[in-house]
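Peer 1: Have a look at this prediction, sequence included:
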Amino acid sequence: WRALGKSRNTAPGHAAKPEHHGNRSALPWWYPDVFMSLENPLTYQPFKRPNTLQQAVLDEVRNRILDGRMRPGSAIRQEALADSLGLSRIPVREALKTLEGEGLVEYVAGRGFFVVRLSVADLREIYHIAGLLERDAVRHAVPRLDEASEARILGAMEAMEKADPAHHETLVQRNRNFHFSIYEVCGMPRLLRLLEGLWNTSQIYQSMFYTVTGAFERACAEHREIYQACVERRTEDAVELLATHRDDAMNLVTELMLKPECD
């Protein structure tokens, strides 16, 4: 009772009288006073559960898809995957169901799960939708930048510039880090979750971009221009630079996908 903020002496059938806190409206009797002290507000930290086995399996399988160890179109043998993790098939099956919802795997009746293989049309659609969301993210993010967020963007940009151009998976991840160091400042967590899902779906194909001579150097130069536009608060320039950067990458990757050796 005391934890709920209600007196033991409250008569049955009678609610405790709501209290006012400063100029706040009356609150329900069960609302803990400790959260509402305007003079000494409590910094509330949401409870964070430790990673469960199920979450660990989900993260591992997702990473295997995103870094290319599980290739697009390949069959997923649940028993073999479970054995490689030293687990039963149950957490693996649950992870695959979640990844199906994320668009990374698909279930074919009578055949099982497969890593999703995108067509050129699929990839263009993903880039188009991502572009719409990224424009909004940048327009909200640039005015909110401060010294700390600018430093994170700069750090992500420089980390990519220092990467080995031959390590394509590293470049893909550091490119992603750079972009999301901008987007995350927008203050819209739902938009960010949608963007993360779209990037996850297309990430395995992004490594193809860095197989082209000069693509890495061009990407780094474009990142510099985007960064400069952001820190100078040239919002629309940043939007346009990112759009050109994204469209060039999409066109190059889709051209590579259309080559016979990519079939």
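Peer 2: Ah, there it is.
Peer 1: distance of the nearest residue to Arg62 once chain neighbours are set aside from Glu240?
Peer 2: Distances taken as C-beta to C-beta, 6 or more residues apart in numbering place Leu99 nearest to Arg62, at 6.2 Å, with adjacent residues excluded. Placement of C-beta: from N, CA and C, glycine included. As defined by C-beta to C-beta, to the nearest Å, Leu99 lies at a distance of 35 Å from Glu240.
Peer 1: higher neighbour count, the two?
Peer 2: Taking other C-beta atoms under 10 Å, Leu99 and Glu240 do not tie; Leu99 has more neighbours (21 against 15).
Peer 1: Would you mind listing the residues in contact with the more buried one?
Peer 2: 58, 61-62, 65, 105 (C-beta atoms under 8 Å, 6 or more residues apart in numbering).
Peer 1: what residue is smack in the middle of this protein?
Peer 2: Glu196 (3.0 Å; C-alpha atoms, centre = their mean).
Peer 1: Not counting its own residues, what contacts the helix or strand that that one is a member of?
Peer 2: Assigned by DSSP states H and E, Glu196 belongs to helix 189-206. Under the criterion C-beta under 8 Å, 6+ apart, residues 62, 65-66, 68, 71-72, 102-104, 116, 118, 123, 126-127, 129-130, 133-134, 136-137, 172, 175-176, 180, 183-184, 186, 249, 253, 257 lie in contact with helix 189-206.
Peer 1: Which of those residues fall in helices?
Peer 2: 62, 65-66, 102, 123, 126-127, 129-130, 133-134, 136-137, 172, 175-176, 180, 183, 249, 253, 257 (DSSP state H).
Peer 1: Please spell out the PyMOL selection for the buried subset of those residues.
Peer 2: In PyMOL, this line selects whichever of the ones in helices among the contacts of helix 189-206 come out buried by 16 or more other C-beta atoms under 10 Å:
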select buried, resi 62+65+66+123+126+127+130+133+134+137+172+175+176+180+183+249+253+257
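Peer 1: can you list the weak-confidence ranges in this protein?
Peer 2: Within the chain, the segments meeting pLDDT under 70 span 1-51, 260-263.
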